[in-house]
Every structure is written in C-alpha cells, then in structure tokens.
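A.B. asks: Need a 3D model of the sequence below.
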Amino acid sequence: MSINNIYLLLQSTVTATVNDSISSSFFKRDALIETLKESSFEDLITKLIDITVTFGLRLLMSIIVFYIGKFIISRLYIIATRILQKHNVEASLASFLQSLLRIVLLFILVISIIGILGIETSSFVAIFASAGVAIGLALSGTLQNFAGGVLILLTKPYRVGDFIEHDTLTGTVKEIQIFSTIINTIDNKTVIVPNGGLATGTIINYSSEVYRRITWTFTISYGDDVKVARDTLLSILLEDDRIVKTTCEEDYKNRPQTESVKLSGIIPTIPSGDNSPKVFLGELADNSVNLSVRAWVHTSFYWDVFYSINEKVYEIFPTKGLNFPFPQLDVHLDTAK
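C.D. replies: The predicted structure is shown next:
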C-alpha cells in the first residue's frame, strides 16, 4: 500500500468520524432548543441546578479517578522497573519499555476521565486507531526491525563483544541498537545489519561456549610411518598448555577466572567425558595418508592454538622423516613399438 493510499484512508476515516460527531452535536443542540422552548422558568432553574450538580459530581469523580490513576500508574511503573532489572534487560530497551508503558497508561487514564465527564470518546479512539493503522502500514519494515531488536535484547542470542556469523557476514558485535546491530568484520569494516533479519535468521555464536574443539587434517606420504606421525602429533599437542589434557571440566576448575570467555547470557555447556587430544587415520587418499587431529581448547585460545600447531607441525615433521605429499601423476610410456 502506497503512502498516498494510506493518507487517503486516514483522511476519509477522520473526516467520517468528525462528521458523525458534528451531526450528533447538531441533533443534541436542536433537542436542547426544543426543551427550552417548552419549559417554564422554574423548570429551567431546576434543570440548570441538576445539570450543575451532575457535572460537579462528574468533575469531582474525574479528579478522584485522576489521582487514583496516577498512583496506580506510578506503582505499575515501579513494578515494571523491578521486573526489568531482575531479568537484566538492556538499559536502552528498559528505558524505552518504561516510557511506552507510562504513555499507554496515561492515555487510558485520560480517555477514562473524558468518558466520566460525559464527553463522547468514540471519536478520539477512532482517530487514534486509524492513525495507528496508517503509521503501521507505512512503517512495516521499520517496525519489523524494531520488533527484532526487542527480541534480541530480551532473548540475548549474542552480546556486545561476541564473535558471530550470519549468512555470509562474520565479525564481532560492536553495538546492539533498537533497529539494527553494528558488526565489526575481521578486516575492520563496520557493517550495520537490520535486526529483523538477525531475529529471524540463523546466527552462529562462536563466543557463547567456554570450550571449542579444533580439527586439523595433516597429510603424510605413503611409506611414512603412521605410528611416528601419530606420536609426533600427540607430543606437539600435549606440550601446549592451552590444550585440554584430560577433561574440560577439570580444565575449567583449574583455569584462572581471568581467562574466562565473556559469555552471551547463555549458561555455558562444559563438554563431559574424555576430552584429551586424539589422532585418527582419517583417509587413504590418492596421493596421501590423511590424519585427523582433534583437540579441545578454551574459546579464547582457539585461533592462536590453531595457527601455532600448524607452524609446529610444518617445522617438526621433516625432522622425523615425515614428508608432506603433493599431487603427482605417473605416466607409463609404451616403448615396445
């Protein structure tokens, strides 16, 4: 729906509502004039007193309702603030929700007071409802991003500082706003991503867990001793203090808290069982024997360990008589002819 159509819809609704109100006012005025013509002076005085007393009572009731309503709104505001603080809601989202709650409650209070005074409130409600529908249609995409931002701040699938992956984008979360999330990529580019897609899409959070498993694939030539290669790899892994030697649970207990990963509000899952380094004969390929290596590390050490082990293997393998194969093709020539 275009902006012009939305504007015409809103204009027609407001015009119809105002016309109905004006027509109703005219009918009431005509009825009042007829009543005044048919009544005596004493009846007019009596009716005037009744109207004054009735309006005074309504005014008094409106004042009482106003102060009671303000007290209830303040209490609800305090309760909502405590609930938001208890659930550790982000400060920006908490402030917005508190302001929204106060505005909605004050609007309801004002409409209630207007109704108590005897003023028709259907016209006001219709105008505000039409305006809300028109604004919602015009800002559908923006409202989707807003709803996504609220969900992200409430559910906390990631936090500022987490390393995440979304579609083809990978980087560190720099800031979470109501409508968008700012991500700093590996090559130091700033990307602003709408929250609507993040809230409904797939997100891989590499910082949410304390431990991650690294997997390498190292190749040796046919004819090399597989046992020597396995022992060499295990020796390299066990010499690195950053690699888990037995279990992640024991490593987590012994590791200083200063090295803990900043978690994303999710209770960390510590892998159980035997988490010691493992070396397997992964594949007998065309030109190489492939060894699969697995080791668990603290998430904060992941990339440092990954690259340092690669360098150590490249330096130590040749000293153990282990060769790195390369693709080769044997050509046999028929020289009998």
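A.B. asks: going forward, measure contacts and count neighbours with C-alpha atoms only.
C.D. replies: Fine.
A.B. asks: Do a quick rundown of the helices in the protein.
C.D. replies: Shown for the chain, the helices assigned by DSSP state H span residues 3-38, 41-86, 91-116, 122-138, 140-155, 195-200, 226-239, 248-254, 302-316.
A.B. asks: Just want the angle from the fifth one to helix 41-86.
C.D. replies: The one in question is helix 140-155. 60 degrees (axes from the mean of the first three to the mean of the last three CA atoms, to 10 degrees).
A.B. asks: elements contacting helix 140-155?
C.D. replies: Contact here means 3 or more CA pairs under 8 Å, 6 or more residues apart in numbering; DSSP states H and E; on that basis helix 140-155 packs against helix 195-200.
A.B. asks: Residues contacting the helix it packs on, please?
C.D. replies: Residues from elsewhere that reach helix 195-200, judged by CA atoms under 8 Å, 6 or more residues apart in numbering: 144-149, 151-152, 166, 178-181.
A.B. asks: ChimeraX command for the buried members of the residues you listed?
C.D. replies: In ChimeraX syntax, the buried subset of the contacts of helix 195-200 is picked out as below (16 or more other CA atoms under 10 Å):
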select :144,145,146,147,148,149,151,152,178,179,180,181
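A.B. asks: will you turn the contacts of helix 195-200 into TSV that also has pLDDT and distance to residue 99?
C.D. replies: Output for those, formatted as TSV (pLDDT from 0 to 100; distance: CA to CA, whole Å):
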residue	pLDDT	distance to residue 99
144	83	20
145	85	19
146	82	15
147	83	16
148	85	19
149	85	17
151	84	18
152	85	19
166	90	32
178	83	14
179	85	17
180	89	20
181	91	22
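A.B. asks: before we move on, the earlier item: any idea which of the helices of the chain scores lowest on pLDDT?
C.D. replies: Of all these, helix 3-38 carries the lowest average pLDDT, namely a mean of 51.
A.B. asks: Now do stretch 166-173: distance to the chain's middle.
C.D. replies: The chain centroid and the centroid of stretch 166-173 are separated by 14 Å under CA atoms, centre = their mean, to the nearest Å.
A.B. asks: Contacts for that stretch, please.
C.D. replies: 159-165, 181-186, 198, 201-204.
A.B. asks: Filter these down to the ones in strands?
C.D. replies: Per DSSP state E, strands hold the following members of these: 163-165, 181-185, 203-204.
A.B. asks: one step back: give me the buried subset of the contacts of stretch 166-173.
C.D. replies: Here, 16+ other CA under 10 Å leaves 159, 161-165, 181-185, 198, 203 buried among the contacts of stretch 166-173.
A.B. asks: Please produce JSON lines containing these, extended by distance to residue 49.
C.D. replies: JSON lines is the format used below for the buried ones among the contacts of stretch 166-173 (distance: CA to CA, whole Å):
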{"residue": "159", "distance to residue 49": "66"}
{"residue": "161", "distance to residue 49": "71"}
{"residue": "162", "distance to residue 49": "72"}
{"residue": "163", "distance to residue 49": "74"}
{"residue": "164", "distance to residue 49": "73"}
{"residue": "165", "distance to residue 49": "74"}
{"residue": "181", "distance to residue 49": "64"}
{"residue": "182", "distance to residue 49": "66"}
{"residue": "183", "distance to residue 49": "70"}
{"residue": "184", "distance to residue 49": "73"}
{"residue": "185", "distance to residue 49": "76"}
{"residue": "198", "distance to residue 49": "65"}
{"residue": "203", "distance to residue 49": "71"}
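A.B. asks: What is the burial count for residue 300?
C.D. replies: 17 (other CA atoms under 10 Å).
A.B. asks: separation between it and residue 210?
C.D. replies: Separation of residue 300 from residue 210 (CA to CA, to the nearest Å): 8 Å.
A.B. asks: burial measure for the closest residue to residue 321 other than its chain neighbours, as a count.
C.D. replies: Distance criterion CA to CA, 6 or more residues apart in numbering; nearest residue to residue 321, sequence neighbours excluded, is residue 224 at 7.5 Å. Using other CA under 10 Å, the number of residues around residue 224 comes to 16.
A.B. asks: Other residues contacting stretch 217-227?
C.D. replies: 287-293, 321-325.
A.B. asks: Any chance of a ChimeraX selection covering the buried ones in the residues you listed?
C.D. replies: Per 16+ other CA under 10 Å, the buried members of those correspond to this ChimeraX selection:
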select :288,289,290,291,292,293,322,323
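A.B. asks: which of the contacts of stretch 217-227 lies closest to residue 109?
C.D. replies: residue 293 (67.4 Å; CA to CA).
A.B. asks: hang on, isn't the closest one packed against residue 278?
C.D. replies: Yes: in this structure residue 293 lies within contact range of residue 278 using CA atoms under 8 Å: 5.8 Å.
A.B. asks: I am finished for the moment; much appreciated.
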